[in-house]
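*Asks:* Fold the following.
(2 chains)
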There are 2 protein chains.
Amino acid sequence: MIRVTLTALALIAPLAAAAQQTPAPAGEVRGTGDLGVVIERATGSVLVVDQSERAALCRVEGLGDLSHASLVFSPDARFAYVFGRDGGLSKVDILTCTLNGRVVQAGNAIGGAISDDGRLVAVSNYEPGGVKVFDADTLAPVADVPMGSKTVGLADAPGSRFVVATWDTGEVWVLDHAADPAKPAITRIEGIGANPYDALLVGGRTYLVGLFGEKGLTAVDLWADPPAVKRILPDYGKNEADLPVYKMPHLQGWTLAGATYALPAVGLHQVLWADAATGAETGRTDVAGQPVFVTARPDGRELWVNFAPPDNGTVQVIDAMTHEVKQTLQPGKGVLHMEFTPRGREVWLSARDDDKVVIHDSRTYEKLGEVPARAPSGIFFTDRAHRGGL
Amino acid sequence: MIRVTLTALALIAPLAAAAQQTPAPAGEVRGTGDLGVVIERATGSVLVVDQSERAALCRVEGLGDLSHASLVFSPDARFAYVFGRDGGLSKVDILTCTLNGRVVQAGNAIGGAISDDGRLVAVSNYEPGGVKVFDADTLAPVADVPMGSKTVGLADAPGSRFVVATWDTGEVWVLDHAADPAKPAITRIEGIGANPYDALLVGGRTYLVGLFGEKGLTAVDLWADPPAVKRILPDYGKNEADLPVYKMPHLQGWTLAGATYALPAVGLHQVLWADAATGAETGRTDVAGQPVFVTARPDGRELWVNFAPPDNGTVQVIDAMTHEVKQTLQPGKGVLHMEFTPRGREVWLSARDDDKVVIHDSRTYEKLGEVPARAPSGIFFTDRAHRGGL
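*Replies:* Here you go, the predicted structure:
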C-alpha cells in the first residue's frame, strides 16, 4: 500500500551543516563517470561509491528521512539531488563529499526529476500534493503547481517538460517550462484510470502509468497532439484472487526488451510480458515472490528481479528470449534495489539487512565484492545524468 | 571510396611530449559528465569542450595524423583514447589537458573500441590489417589478431567481446576476451557479403554491416548461437543508376527510431527506411545531397542529416513519424559531424571550413553559440563512456 505520513510542513530550512566525510578523497581531481551514490535509508546519509574500485569513497550525512528516497544527477555528474520522504531536497557534491544545499520543501515527497537542460529540479509531493520546481544551482523556488492530489511518477520529458500522474484524480499533467519556468504551460490529460501508483517514461515518447485502483495500466503517447491514451493489459489479474501486496512494485523496473514490456505483477508471483505496440499480454513467468524491480541488463538479454518480503533475500534472472528463470540467487538479506554498471558488466545489489552492497558479475553470476553500507536501499550510478525520464 | 594510405609502419613510439594547454583550467576539481572532445583534423590536436559553458577548455596537441579519427572514453569519463589515421593510439587526460600516452601501433588505422570493463582498447587496422588490443592503463600490447584483411566497424559487444568486419574477405569476427585477453577466443562468420565498409552494433544484439561491393546490408544476430545472418534491404539500389560516391556514409549514423532503421543510401540523395524485424524497405526520403550521418535526436523524434560535398554546408532535419524533411539549415561550411548533448537539448556541429563548432537548439533550430576550433571534424561527448558498441 502507499503509505502517506503526515509530517510537519517545514519550508526552506537552513543548509544543514551536518555533512561529514569518512575515508574522504574529497576534492581529488578525478573523473566522475564511474561514481555512484547509495542511499542509507535508516541514517539519513548517502555513501559515495567508486565502481572501478568496488569501494566506498565517503559518506555525507544530514539528509533527513530517507526511508523512501531517490535521486537524480546534474549534467556534469558532480551533484546528486536527493529526494527524501520528509519533503527534503538535498544537493550533494560527490567530489568534495559535502552537502551543498538543502531545503525541506513539503511535508511528504515521493520523488523528483531534473530538466533536460539541468537547470530545474522538480519534486513530486504527497503532502501538500502537486509539484514544486527549484533552481538546480541555488535550490531557490521557481514554481509551485498544486494539482489537488498526491502526485506520483514524476519524470522529465524531452523538450523542457515534466510529466506526472495524480493519485487522487487519475490524471496526467504535462508541465512545459520552455517559455517561462515560473509559469509552466499545463496540459491535463483526464481519464487515465483509478489511483496511479507510479509511472515511467519509456524512450522519450511513451509515459506508462501503473494503476492501483483498477486493473491494467495506461500508456500516454506524448508524440501525439493531443497526447493519446491507450490501455495496456486491460484484463490483467481480473480472474485471479489477488494476494495481499507486501510492497508496491516500482515502475522504474519496467523494461523494454526488444519490443516487449516486462513488468512486475502487483500482488502476484509473476512477471508479465506485454507487446509494446498493441498492449496485449504475451505471456507470464512464474517467479519466487512478489516482484518489486524487473530490471533489464543494459544489453537487454537478461532481466533481474527482486521481491517483496518475505522473499526479499532472493533474486532471480530471467532470459529475455525464452522468458524462463535461468538463475536463482541469494545475494543477501533484504535486497531492496539493483543497479547495473552502465555497460552491464556488473550488478550492484543493496542488502539492507546485511548492511552491505554486494557486487555480482552479471554473466557468471559470481560474487565479485561487497561494500559495507548502513541499511542501503537505492543505488544510483552517475550515467543516469545522461538519461532522461528517470 | 575507402582510401588506403600506406604510411611507414612505426611501432610503440615514445610518449609524445607535445601536449599543450591553452585556456587551461587543468587539474580543476570538476565533474566530467558535461565535457567533450573535438578532433582538429588538420593539426593533429584535440579540443576539450564544456557543454554547460558552450566553450573550449583547452587544447592537446601532438596526436599525429587525425585526418580520419575517432575516439572512445574510459569508464570514469576522464581519458579519451584517440584513434588516428596514421595508426596512432593516443590517451588524453581531459581533466589535466595532457597527453598521457601514445603508441603508433600500425601503419593505417580506421577506428577502435574499448571493452565493457574498460580494461582493453582495441584498434581496427587497414595496414597491416586485423585488430590489435592494448592495455587501457598503460597502452602496452595485449593481443594481435591478424585477419588477412583490412578491418572495419570494430565495436565492443556486451560480455567481453569485440566484433569487427573484414573488408577483403567479407567476414565478421567475434573476439571473446573473457578467459584470456592475450588469446581471445575467435568466432568467424563467413559469407557476410562483398567489401563491408562499416558496421554498427545496435542495442547490444544486432551487428549491422554495410556492404560496398554489393547491394544490401547484412545483420548478424549475436544472441543466436551460432550467430545468425540476415540480409537487410537486399534490393536497395539495384534498379537505379548510382551516383559517384563523394564520401562514404558512416554507419554510426544508423538509427533505430522505434522499430525502424533510418540509414544513408550510398551514392543516392536519399535516406532509406527499413523495418528492423524483417529487413524490408519501408520507404525513402529525398534529401539535399548524399547523406553521411543520419543521427537521431536522443528522444528519437527527429533525425538530423549531413551531406557529402558539394552539399556539406547543408543539414536537414527529418520527422521520424512522417519521414518528411521539416527543416533545412545552413549552419556553416563543411559540416563533418553532429553530436547531440546527452539528453538532446542541443546539437553541436563541426563546420570544418569555418574553423568552428556551431551549437543549435535541437527543437527551435536557432543558433545558441559557437566555439572556435581548427578544422574540426568529430565531436564526442563523455556520455559515450557509458554506451557500448560505439
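*Asks:* what's the closest non-adjacent residue to A:Ile232?
*Replies:* Once flanking residues are discounted, A:Ile232 sits nearest to A:Gly279: 3.9 Å by Cβ to Cβ, 6 or more residues apart in numbering or on different chains. Any C-beta I mention is one placed from the backbone N, CA and C, and that applies to glycine too.
*Asks:* show me the residues around that neighbour that make contact.
*Replies:* Counting by Cβ atoms under 8 Å, 6 or more residues apart in numbering or on different chains, A:Gly279 makes contact with A:Ala219, A:Lys230, A:Arg231, A:Ile232, A:Leu233, A:Pro234.
*Asks:* most surrounded residue in the residues you listed?
*Replies:* Counting neighbours by other Cβ atoms under 10 Å in any protein chain shown, A:Ile232 comes out on top of the contacts of A:Gly279 with 24 neighbours.
*Asks:* Specify the beta-bridge partners of that one.
*Replies:* A:Leu217 (DSSP bridges).
*Asks:* Tell me how far it lies from chain B.
*Replies:* 17 Å (Cβ to the nearest Cβ, to the nearest Å).
*Asks:* and if you look at A:Gly191?
*Replies:* On the measure of Cβ to the nearest Cβ, A:Gly191 and chain B end up 24 Å apart.
*Asks:* before we move on, back to that, go through the contacts of A:Gly279 and say which is closest to chain B.
*Replies:* A:Ala219 (14.0 Å; Cβ to the nearest Cβ).
*Asks:* Give me the phi and psi for A:Gln105.
*Replies:* Main-chain dihedrals, A:Gln105, degrees, to the nearest 10: phi -100, psi -10.
*Asks:* got the contact list for it?
*Replies:* A:Gln105 neighbours (Cβ under 8 Å, 6+ apart): A:Leu11, A:Ile12, A:Gly87, A:Gly88, A:Leu89, A:Val123, A:Asn125, A:Lys132, A:Phe134, A:Pro141.
*Asks:* that older thread, backbone phi and psi for the residue nearest to A:Ile232, please?
*Replies:* Residue torsions, per degrees, to the nearest 10, at A:Gly279 are phi 80, psi 0.
*Asks:* quick revisit: what would the contacts of A:Gly279 look like in CSV with pLDDT?
*Replies:* As requested, the contacts of A:Gly279 are arranged in CSV below (pLDDT from 0 to 100):
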residue, pLDDT
A:Ala219, 93
A:Lys230, 92
A:Arg231, 91
A:Ile232, 89
A:Leu233, 88
A:Pro234, 84
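*Asks:* Where strands are concerned, which of the contacts of A:Gln105 count?
*Replies:* Secondary structure from DSSP state E places A:Gly88, A:Leu89, A:Val123, A:Asn125, A:Lys132, A:Phe134, A:Pro141 of the contacts of A:Gln105 in strands.
*Asks:* In ChimeraX, select just the buried ones from those residues.
*Replies:* Of those, the buried ones can be selected in ChimeraX as follows, counting by 16 or more other Cβ atoms under 10 Å in any protein chain shown:
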select /A:88,89,123,125,132,134
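*Asks:* Turn the ones in strands among the contacts of A:Gln105 into JSON lines, columns for pLDDT.
*Replies:* Converted to JSON lines, those look like this (pLDDT from 0 to 100):
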{"residue": "A:Gly88", "pLDDT": "96"}
{"residue": "A:Leu89", "pLDDT": "97"}
{"residue": "A:Val123", "pLDDT": "97"}
{"residue": "A:Asn125", "pLDDT": "93"}
{"residue": "A:Lys132", "pLDDT": "97"}
{"residue": "A:Phe134", "pLDDT": "98"}
{"residue": "A:Pro141", "pLDDT": "97"}
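*Asks:* Near chain B, which residues of the stretch 151-300 of chain A? Just list them.
*Replies:* A:Pro158, A:Gly159, A:Gly203, A:Gly204, A:Arg205, A:Trp223, A:Ala259, A:Ala277, A:Arg297, A:Pro298, A:Asp299, A:Gly300 (Cβ under 8 Å from any Cβ of the partner chain).
*Asks:* residues contacting A:Thr328?
*Replies:* A:Thr328 neighbours (Cβ under 8 Å, 6+ apart): A:Ala288, A:Thr314, A:Val315, A:Gln316, A:Val317.
*Asks:* Just the CA coordinates for the helix or strand harbouring it, please, in PDB.
*Replies:* Using DSSP states H and E, A:Thr328 falls within strand A:325-329. Extracted in PDB, the C-alpha atoms of strand A:325-329 (Å, rounded to 0.1, in the frame of the first residue of the first chain):
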ATOM      1  CA  VAL A 325      14.100 -18.200 -15.000                       C
ATOM      2  CA  LYS A 326      17.700 -19.200 -15.600                       C
ATOM      3  CA  GLN A 327      19.200 -18.400 -12.200                       C
ATOM      4  CA  THR A 328      18.100 -18.000  -8.600                       C
ATOM      5  CA  LEU A 329      20.500 -16.200  -6.200                       C
END
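*Asks:* what are the pairing partners of that strand, and which direction each?
*Replies:* Assessed with DSSP bridges, strand A:325-329 is paired to strand A:315-319 (antiparallel).
*Asks:* circling back: can the helix or strand just after the strand holding A:Thr328 be said to contact chain B?
*Replies:* Along the chain past strand A:325-329, the next helix or strand (assigned with DSSP H and E) turns out to be strand A:335-340. No - residues of strand A:335-340 contacting chain B under Cβ under 8 Å from any Cβ: none, with a closest distance of 10.6 Å.
*Asks:* Give the next helix or strand downstream of strand A:335-340.
*Replies:* strand A:346-351.
*Asks:* which secondary structure elements does that next one contact?
*Replies:* Other elements packing on strand A:346-351 under the criterion 3 or more Cβ pairs under 8 Å, 6 or more residues apart in numbering or on different chains; DSSP states H and E are strand A:335-340, strand A:356-361, strand A:376-381.
*Asks:* Tell me which of those approaches B:Leu71 most closely.
*Replies:* strand A:376-381 (22.3 Å; Cβ to Cβ).
*Asks:* Using CSV, write out every CA atom in the closest one.
*Replies:* Once non-C-alpha atoms are left out, strand A:376-381 reads as follows in CSV (Å, rounded to 0.1, in the frame of the first residue of the first chain):
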residue,chain,number,x,y,z
PRO,A,376,21.4,0.5,2.0
SER,A,377,18.4,1.0,-0.3
GLY,A,378,18.6,2.8,-3.7
ILE,A,379,21.9,2.6,-5.7
PHE,A,380,22.4,5.3,-8.4
PHE,A,381,25.3,5.4,-10.8
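*Asks:* Note down every partner strand of it and its orientation.
*Replies:* strand A:35-40 (antiparallel).
*Asks:* got the contact list for the strand it pairs with?
*Replies:* Taking Cβ under 8 Å, 6+ apart as the rule, strand A:35-40 contacts A:46-51, A:56-57, A:59, A:66, A:69-71, A:77, A:80, A:82, A:92, A:94, A:339, A:348, A:350, A:357, A:371, A:373-382, B:76.
*Asks:* can we see that at 6 Å?
*Replies:* By Cβ atoms under 6 Å, 6 or more residues apart in numbering or on different chains, the residues outside strand A:35-40 that reach it are A:46-49, A:66, A:69, A:80, A:94, A:373-382.
*Asks:* continuing past that strand, what's the next helix or strand?
*Replies:* strand A:45-50.
*Asks:* Do the next helix or strand after that following strand and chain B come into contact?
*Replies:* Sequence-wise, the next helix or strand downstream of strand A:45-50 (DSSP H and E) is strand A:55-60. No - Strand A:55-60 lies apart from chain B when judged by Cβ under 6 Å from any Cβ of the partner chain; the minimum separation is 12.3 Å.
*Asks:* what's the model's confidence in strand A:55-60, averaged?
*Replies:* Averaging pLDDT along strand A:55-60 gives 98.
*Asks:* Which strands and helices lie in contact with that strand?
*Replies:* Helices and strands touching strand A:55-60, by 3 or more Cβ pairs under 6 Å, 6 or more residues apart in numbering or on different chains; DSSP states H and E, are strand A:45-50.
*Asks:* re the thing from before, who wins for most neighbours among the contacts of A:Thr328?
*Replies:* Among these, the one with the most neighbours (other Cβ under 10 Å) is A:Val315, at 25 neighbours.
*Asks:* For that residue, list the residues it contacts.
*Replies:* A:Asn306, A:Leu329, A:Pro331, A:Val335.
*Asks:* That'll do, ta.
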